[in-house]
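J.: kindly generate the corresponding structure for this input.
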Amino acid sequence: MALAFATACKKESSTPDDPNIIYSAINKTIVLGSSTTITDSVDINKDTKSDFGIIAAKSASTDDTIAFYLAGITSGAYVDSAKYFSYIFDSKILPNGQTPEKIGTGLRWSEATFLAAKFGANTFGHLASNVYLPTITRNINTDKLHYGWLQYNVSSDYKTLKIIDAAYNLVPNIPIKMGAQ
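T.: Alright, predicted model coming up:
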């Protein structure tokens, strides 16, 4: 009696879909417990230099003021220019598979944005699970822009931020789809 086994050629999940995209599993969690300010950073393009600073801050006396900021060092993020607090714009997330518009004449990209924030009744950013934020990083050696994305989530009490993963396009000036690897 002969046994037959069906086999299928299956792509490994760690194999990149596009060799021009650098993918990074980050898995970084920042929790605002008793601290009032925490700073950290993220290196999206794996050049050992921070692309973004992350600032988590809350009021020492109340939970009414809590914010997670993403600040570009040589980078920026997609923003909603119609919604801002002080000089910081609200982030503009996109669904998996969607591509952001390129830098142009309209204000769509900024060096600083809220990932999530609560100032009394005013809220900014996004509490939805595993959202994609389009990013852009300037290569300091070539001065060219490289598009990418950052996936994160924020807890409903605004006290925990988890940076899940990120990707970066090696080809300059070409936006990539959210979630592309």
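J.: what helices or strands is whichever strand or helix holds residue 113 leaning on?
T.: Using DSSP states H and E, residue 113 sits in strand 112-119. With contacts taken as 3 or more CB pairs under 8 Å, 6 or more residues apart in numbering; DSSP states H and E, strand 112-119 sits against strand 65-72, strand 75-85, strand 88-91, strand 122-125, strand 145-154. Every C-beta, even on glycine, is put in place using the N, C-alpha and C of the backbone.
J.: output the third one as PDB, nothing but the C-alphas.
T.: Think strand 88-91. Provided in PDB are the C-alpha atoms of strand 88-91 (Å, rounded to 0.1, in the frame of the first residue of the first chain):
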ATOM      1  CA  ILE A  88       1.200  69.300  17.300                       C
ATOM      2  CA  PHE A  89      -1.100  67.700  14.700                       C
ATOM      3  CA  ASP A  90      -3.200  64.600  15.100                       C
ATOM      4  CA  SER A  91      -1.900  61.500  13.400                       C
END
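J.: where does pLDDT dip in the protein?
T.: In the prediction, the chain carries residues with pLDDT under 70 at positions 1-16.
J.: and residue 59, what does it touch?
T.: 36, 65, 66 (CB atoms under 8 Å, 6 or more residues apart in numbering).
J.: separation between residue 58 and residue 34?
T.: Distance, residue 58 to residue 34, by CB to CB, to the nearest Å: 10 Å.
J.: could you do residue 60 as well?
T.: 9 Å.
J.: what about these two, which has more around it?
T.: Comparing residue 60 with residue 34 by other CB atoms under 10 Å, the one with more neighbours is residue 60, at 10 against 6.
J.: hmm, back to that, export the helices and strands packed on strand 112-119 to TSV and tack on mean neighbour count?
T.: Shown next, in TSV, are the helices and strands packed on strand 112-119 (neighbours: other CB atoms under 10 Å):
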stretch	mean neighbour count
strand 65-72	22
strand 75-85	19
strand 88-91	23
strand 122-125	19
strand 145-154	25
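J.: these into CSV, with extra columns for distance to residue 163?
T.: Shown next, in CSV, are the helices and strands packed on strand 112-119 (distance: least, CB to CB, whole Å):
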stretch, distance to residue 163
strand 65-72, 9
strand 75-85, 13
strand 88-91, 13
strand 122-125, 13
strand 145-154, 5
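J.: give the bridge partners for the residue nearest to residue 117 when sequence neighbours are not counted, please.
T.: Using CB to CB, 6 or more residues apart in numbering and skipping residues adjacent in sequence, the residue nearest residue 117 is residue 67, 3.7 Å away. Beta-bridge partners of residue 67, counted by DSSP bridges, are residue 57, residue 117.
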